[in-house]
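A.B. asks: Fold the following and give me the result.
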Amino acid sequence: MRLAYALDTRILLLCLITSCGGLNTAGLQSLDAASGDAPAQDQVIGMASRGCSVQLTTCGTACVDTNSDSANCGGCGVSCGGGKTCSGGACTCPTSQTICGDHCVDLLHSPGDCGACGQACASTQVCSQGHCADVCTAGLAACAGSCVDLASDPRDCGACDMSCAVGMECNQGGCACPQGTTACASGCVQLARDPDNCGACGKTCAADAFCALGICRAMCPQGLTACGGACVDLRSNGSNCGSCGVVCTGGATCASGTCQCPAGYLRCYGVCVNPVSNSANCGTCGHACSSGQVCDQSACASMCGNTLTSCGTSCVDTSSSPSNCGACGLSCATGMTCTSGKCGCAIGSVVCGTKCAVLTSDRNNCGTCGNACGLNEVCSAGVCTMSCSGMLTQCGGSCVDLQTSDGNCGGCGLTCSGGETCVSGSCRCSTGLTPCSGVCTDLLTSAQHCGACGTVCGPAQSCIGGHCVRHQ
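C.D. replies: Below is the predicted model:
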């Protein structure tokens, strides 16, 4: 852990960085705890009035985001239980789970609540995609009465009861850190900005330094902001979205400094859902399909259309659904997409082990998978070298083109989000898409932005050619 140091030093440094516009007490609280000199309540309130962003609330001796803090959800001291998380200031079940009694349950896999709360399967049956069955469907394995994908289920990773540690995901049957993070002693961390593991596990920045792009620095580079010892892009960082300490939850990501659901999704009761296929929110939030029905193209129906597959109570395209890739229940890992029913990496990257890598700039996979550059080397055009070549710029241990790099667009660490890509050093939506609340959207087909941003189609309607059309 980082060493505690005199508060005056950090205050002076932050004043230099922020022009004394205020202090963020989230970082100061950890220092107070480490030194044993916790500030009095009136001091905390004073600091909060000067430095906590308007999105944070003073709870005891800390500034917290009551929209995402499970110990202070919606208000100080309001704790979420029963497997719930805090999203939008309310205790909600994670995506794909439903509240049954006082606990969150996965109705697609729970043998005691299979397809509906209290609907238990017989002792000889399994719960497969919300239906009690004698055997699991192809590609899934029976574990304690549930049909699971051993290649992607973090509770049964590679084999039944092989659970992944908190923060890890199951990728190809093995537990691994999500894309963009590395396994260190403290868990899965981002080496590019973790002050306790800056650039490498165990490499700790000095008390008066910040971690930026894997390098300890006295100040954050232009465009990045210091949040708790890390230099982050407030426009795209999901843990510091728009302001330090503001966390995106419920499936939302940070786009243009605000937490937004992916294109085509709705935020329903704090969780991002796809109204096209979500049977509890079919077409709009709260519009639940009746028992025995499925949600097909935003409308409740007795069965799915010809081109879609019934996965539980949702009608999905298994050729492109990352949660049902090739068949119901087969999930792609973080950072991968589903194309033609198979999980793979985006164009320009390849699979190296369990993650996607850009071989031209990844210093751990430079030119080929597993080829790691030396301590003082960078990866430039797929070759480990001491400096970047041509028009490339060194960002951390990688040589990138600031004109086209989505993770370093116009400057190191400036990340495009919301579906934008980097064009000529600026984050932009692709041709045919329009930014709506920071998310690239097709106004011709989006039911939430039909014809114009904010124009929402009603239940049982689809957006066709930029016009809301009722289903036949």
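A.B. asks: now Thr309, nearest residue through space, not along the chain?
C.D. replies: Leaving aside its sequence neighbours, Thr309 sits nearest to Thr318 (Cβ to Cβ, 6 or more residues apart in numbering; 5.0 Å). Where you see a C-beta, it was placed from the backbone N, CA and C, and this is true even at glycine.
A.B. asks: Please read the previous query as pertaining to Asn364.
C.D. replies: Nearest one to Asn364, counting by Cβ to Cβ, 6+ apart, is Ala372 at 4.9 Å.
A.B. asks: where does that neighbour fall, phi/psi-wise?
C.D. replies: In terms of degrees, to the nearest 10, the main-chain angles of Ala372 are phi -90, psi 140.
A.B. asks: Distance check, it against Cys201.
C.D. replies: 14 Å (Cβ to Cβ, to the nearest Å).
A.B. asks: Also Cys328?
C.D. replies: Applying Cβ to Cβ to Cys328 and Cys201 gives a distance of 38 Å.
A.B. asks: Please name the residues that touch Cys198.
C.D. replies: Neighbouring residues of Cys198 by Cβ atoms under 8 Å, 6 or more residues apart in numbering: 191, 204-205, 211, 214-216.
A.B. asks: pLDDT score for the residue nearest to Asn364?
C.D. replies: According to the prediction, Ala372 has pLDDT 91.
A.B. asks: How about the one 10 residues further on?
C.D. replies: If you check Gly382, the pLDDT there is 93.
A.B. asks: Surely it touches Thr360?
C.D. replies: Yes. Counting by Cβ atoms under 8 Å, Thr360 is a contact partner of Gly382 at 4.8 Å.
A.B. asks: any common contacting residues for those two?
C.D. replies: Gly367.
A.B. asks: The contacts of Cys198, buried ones only, as a ChimeraX selection?
C.D. replies: Selecting the buried subset of the contacts of Cys198 in ChimeraX, with 16 or more other Cβ atoms under 10 Å as the burial test, is done by:
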select :191,204,205,211,214,215,216
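A.B. asks: Any chance of a markdown table for the contacts of Cys198, columns secondary structure, distance to Gly60 and pLDDT?
C.D. replies: What follows is the contacts of Cys198, written out as a markdown table (DSSP: H, G, I helix; E, B strand; the rest coil; distance: Cβ to Cβ, whole Å; pLDDT from 0 to 100):
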| residue | secondary structure | distance to Gly60 | pLDDT |
| --- | --- | --- | --- |
| Leu191 | coil | 32 | 91 |
| Thr204 | coil | 28 | 96 |
| Cys205 | coil | 28 | 96 |
| Cys211 | strand | 28 | 96 |
| Gly214 | coil | 34 | 90 |
| Ile215 | strand | 35 | 90 |
| Cys216 | strand | 31 | 94 |
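A.B. asks: With distance to Gly77 as extra columns, can I get the contacts of Cys198 in TSV?
C.D. replies: Output for these, formatted as TSV (distance: Cβ to Cβ, whole Å):
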residue	distance to Gly77
Leu191	35
Thr204	33
Cys205	34
Cys211	32
Gly214	38
Ile215	40
Cys216	37
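A.B. asks: Looking at the contacts of Cys198, which one is closest to Asn281?
C.D. replies: Leu191 (37.9 Å; Cβ to Cβ).
A.B. asks: Hmm, that closest one is touching Asn197, no?
C.D. replies: Yes. Leu191 lies in contact with Asn197 (Cβ under 8 Å); the separation is 5.8 Å.
A.B. asks: tell me, what's touching these two both at once?
C.D. replies: Thr182.
A.B. asks: quick one: low-confidence ranges for the protein?
C.D. replies: Along the chain, segments meeting pLDDT under 70 span 1-51, 472.
A.B. asks: ok, which stretches of it are helices?
C.D. replies: Secondary structure of the chain (DSSP state H): helices at 7-18, 25-35, 41-51.
A.B. asks: hang on, the earlier thing: out of Cys328 and Cys201, which sits in the busier spot?
C.D. replies: Cys328 (25 against 15; other Cβ atoms under 10 Å).
A.B. asks: quick one, what contacts the residue nearest to the more buried one when sequence neighbours are not counted?
C.D. replies: Nearest non-adjacent residue to Cys328, counting by Cβ to Cβ, 6+ apart: Cys311, 3.8 Å away. Counting by Cβ under 8 Å, 6+ apart, Cys311 touches 108, 129, 318, 321, 324, 328-329.
A.B. asks: Run a quick neighbour tally on the closest residue to Ser323 other than its chain neighbours.
C.D. replies: Spatial nearest neighbour of Ser323, chain neighbours left out: Ser331 (5.3 Å); criterion: Cβ to Cβ, 6+ apart. Residues lying near Ser331 (other Cβ under 10 Å) number 20.
A.B. asks: ok, now Ile347?
C.D. replies: Counted with other Cβ under 10 Å, residues neighbouring Ile347 total 7.
A.B. asks: That one and Gly432: what is the separation?
C.D. replies: For Ile347 relative to Gly432 (Cβ to Cβ), the value is 18 Å.
A.B. asks: now do Ser331
C.D. replies: The value you get for Ser331 to Gly432, if Cβ to Cβ is used, is 29 Å.
A.B. asks: now Ser163
C.D. replies: 43 Å.
A.B. asks: With neighbour numbers in mind, choose between the two.
C.D. replies: Ser163 (13 against 9).
A.B. asks: ok, now which ones touch that one?
C.D. replies: Ser163 is in contact with 154-157, counting by Cβ under 8 Å, 6+ apart.
A.B. asks: By neighbours, which of these wins?
C.D. replies: That'd be Cys157 among the contacts of Ser163, by other Cβ under 10 Å, with 25 neighbours.
A.B. asks: Find the nearest non-adjacent residue to that residue, please.
C.D. replies: Closest to Cys157 by Cβ to Cβ, 6+ apart is Cys170, at 3.7 Å.
A.B. asks: I figured that neighbour was touching Pro154, is that so?
C.D. replies: Yes. Counting by Cβ under 8 Å, Cys170 does reach Pro154; the two are 4.6 Å apart.
A.B. asks: what residues are shared contacts of the two?
C.D. replies: What both Cys170 and Pro154 touch, as defined by Cβ under 8 Å, 6+ apart, is the set Cys164.
A.B. asks: As a check, name the ranges of all strands in the stretch 151-300 of the chain.
C.D. replies: 169-171, 174-176, 182-184, 187-189, 210-212, 215-217, 225-227, 230-232, 253-255, 258-260, 266-268, 271-273, 294-296, 299-301 (DSSP state E, counting those that start in this stretch).
A.B. asks: still on that earlier bit, when Gly382 and Thr360 are compared, which one has more neighbours?
C.D. replies: A count of neighbours by other Cβ under 10 Å puts Thr360 above the other of Gly382 and Thr360, at 20 against 16.
A.B. asks: now that one: how far from Ser398?
C.D. replies: Thr360 is 9 Å from Ser398, by Cβ to Cβ.
A.B. asks: joint contacts of those two?
C.D. replies: Counting by Cβ under 8 Å, 6+ apart, the residues touching both Thr360 and Ser398 are Cys379.
A.B. asks: one step back: so who does the residue nearest to Cys157 touch?
C.D. replies: Residues near Cys170 by Cβ under 8 Å, 6+ apart: 151-154, 157-158, 164, 176, 333.
A.B. asks: Select only the buried ones of the residues you listed in PyMOL?
C.D. replies: In PyMOL syntax, the buried subset of those is picked out as below (16+ other Cβ under 10 Å):
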select buried, resi 151+152+153+154+157+164+176+333
